[in-house]
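Enquirer: Return atomic coordinates for the entry below.
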Amino acid sequence: MDYDTLRVTESDGICVITLNRPEVMNALNKQMRAELTHALKDAARHARVMVLTGEGRAFCSGQDLGDGGNAAQIDLERTLREEYEPMLRAIYDAPVPVIAAVNGSAAGAGANLALAADLVIASEQASFIQAFTRIGLIPDAGGTWFLPRQIGFARAMGAMLLADKISARQAAEWGMIWEAVPEEHFAAVWQERAAALATGPTIAYRNIRRALRASLSSTLDAQLALEAQLQAEAGKTRDFQEGVMAFLEKRPAQFEGR
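Expert: Have a look, this model is predicted:
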């Protein structure tokens, strides 16, 4: 399918979805939200890893305040429930790993769109800004859920109240993202990470994501039971059989994702 606000490319199990409104720093308008939700759900049916990145100098500047006329008259609750929530769930609930390759500024909902991914790799030229209080709003797009879990309550509160710009290096030091990469190596690094995930054990990846997310609200007993359940599932896969044989034969494993 062709999209007006996105560019989608697929190769070797990797689906790269590029936000493609560089003239407005890839701001999220109604059409982009709908197209991104569709593209993510479509890619999840056949890709082994998905990558979300931005065209131009920004990753995503957040909500397009010029979309649909007077921003003050937008029904924010409806927009969040009907347009943002499905888009974020398409990332969070994807059956395969999702990488956010943050090439530049990620602000407001754009920052939280990135934080919804499993692995955030940022150029050292990138930054993250919880910019909502600058226009009299609270953080949304899942930010109040993602951020405190990633960097702790105190830092999340400060980032949201002060709306300070957080550099990619600072974000990596705080644990907000996986890594900050020098600009000249950025594309090569995220492509290498995507390729590694695309050739890895897909079911094991899916179960890791499920187990870690459950741990955030689980008791030890419940978590141990879930680990046993998910490990039993992984142990029945061809990937487990191949991994063991590859180890014994001292060769790289050739995972099939099943």
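Enquirer: Centre-most residue in the chain?
Expert: Centrality entry for the chain: nearest residue to the mean C-alpha point is A117, 1.7 Å, by Cα atoms, centre = their mean.
Enquirer: doesn't I91 make contact with it?
Expert: Yes. If you go by Cβ atoms under 8 Å, A117 and I91 touch, sitting 6.0 Å apart. All C-beta atoms are positioned from the backbone trio N, CA, C, and that covers glycine.
Enquirer: Residues that sit against both of those two, list them.
Expert: Shared contacts of A117 and I91, defined by Cβ atoms under 8 Å, 6 or more residues apart in numbering, are found at L52, V98.
Enquirer: can you map out the helices along the stretch 51-200 of the chain?
Expert: 76-79, 85-92, 109-115, 143-151, 153-162, 168-174, 186-198 (DSSP state H, counting those that start in this stretch).
Enquirer: by how many degrees do the very next helix or strand once past the longest one and helix 143-151 diverge?
Expert: Along the chain past helix 186-198, the next helix or strand (assigned with DSSP states H and E) turns out to be helix 202-215. With axes from the mean of the first three to the mean of the last three Cα atoms, to 10 degrees applied, the angle from helix 202-215 to helix 143-151 works out at 100 degrees.
Enquirer: Helix 202-215 packs against which elements?
Expert: helix 220-235, helix 238-249 (3 or more Cβ pairs under 8 Å, 6 or more residues apart in numbering; DSSP states H and E).
Enquirer: Go again with 7 Å.
Expert: helix 220-235 (3 or more Cβ pairs under 7 Å, 6 or more residues apart in numbering; DSSP states H and E).
Enquirer: quick check: mean pLDDT across the helix it packs on?
Expert: Averaged over helix 220-235, pLDDT sits at 96.
Enquirer: what's that helix in contact with?
Expert: The contact list for helix 220-235 (Cβ atoms under 7 Å, 6 or more residues apart in numbering) reads I203, A204, N207, R210, A211, A214, S215, F240.
Enquirer: Now do the contacts for the third one.
Expert: Contacts here follow Cβ under 7 Å, 6+ apart; on that basis N207 touches L230, E233, A234.
Enquirer: mind checking how far it is from P97?
Expert: Distance of N207 to P97, given as Cβ to Cβ, to the nearest Å: 12 Å.
Enquirer: The contacts of helix 220-235 into JSON lines, with extra columns for distance to A196 and pLDDT?
Expert: Output for those, formatted as JSON lines (distance: Cβ to Cβ, whole Å; pLDDT from 0 to 100):
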{"residue": "I203", "distance to A196": "16", "pLDDT": "94"}
{"residue": "A204", "distance to A196": "13", "pLDDT": "96"}
{"residue": "N207", "distance to A196": "18", "pLDDT": "96"}
{"residue": "R210", "distance to A196": "20", "pLDDT": "95"}
{"residue": "A211", "distance to A196": "20", "pLDDT": "96"}
{"residue": "A214", "distance to A196": "25", "pLDDT": "94"}
{"residue": "S215", "distance to A196": "24", "pLDDT": "95"}
{"residue": "F240", "distance to A196": "18", "pLDDT": "94"}
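Enquirer: List only those of those flagged as buried.
Expert: I203, A204, N207, A211, F240 (16 or more other Cβ atoms under 10 Å).
Enquirer: And these, which two are furthest apart?
Expert: A211 and F240 (16.0 Å; Cβ to Cβ).
Enquirer: Please indicate which of the helices of the stretch 51-200 of the chain has the most neighbours on average?
Expert: Stretch with highest mean neighbour count among those: helix 109-115 (a mean of 28; mean count of other Cβ atoms under 10 Å).
Enquirer: Return that one as PDB; C-alpha atoms alone will do.
Expert: C-alpha atoms of helix 109-115 as PDB (Å, rounded to 0.1, in the frame of the first residue of the first chain):
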ATOM      1  CA  ALA A 109       3.900  12.900  21.500                       C
ATOM      2  CA  GLY A 110       6.900  12.300  19.100                       C
ATOM      3  CA  ALA A 111       9.100  11.500  22.100                       C
ATOM      4  CA  ASN A 112       6.500   9.200  23.600                       C
ATOM      5  CA  LEU A 113       6.000   7.500  20.200                       C
ATOM      6  CA  ALA A 114       9.700   6.600  20.300                       C
ATOM      7  CA  LEU A 115       9.600   5.500  23.900                       C
END
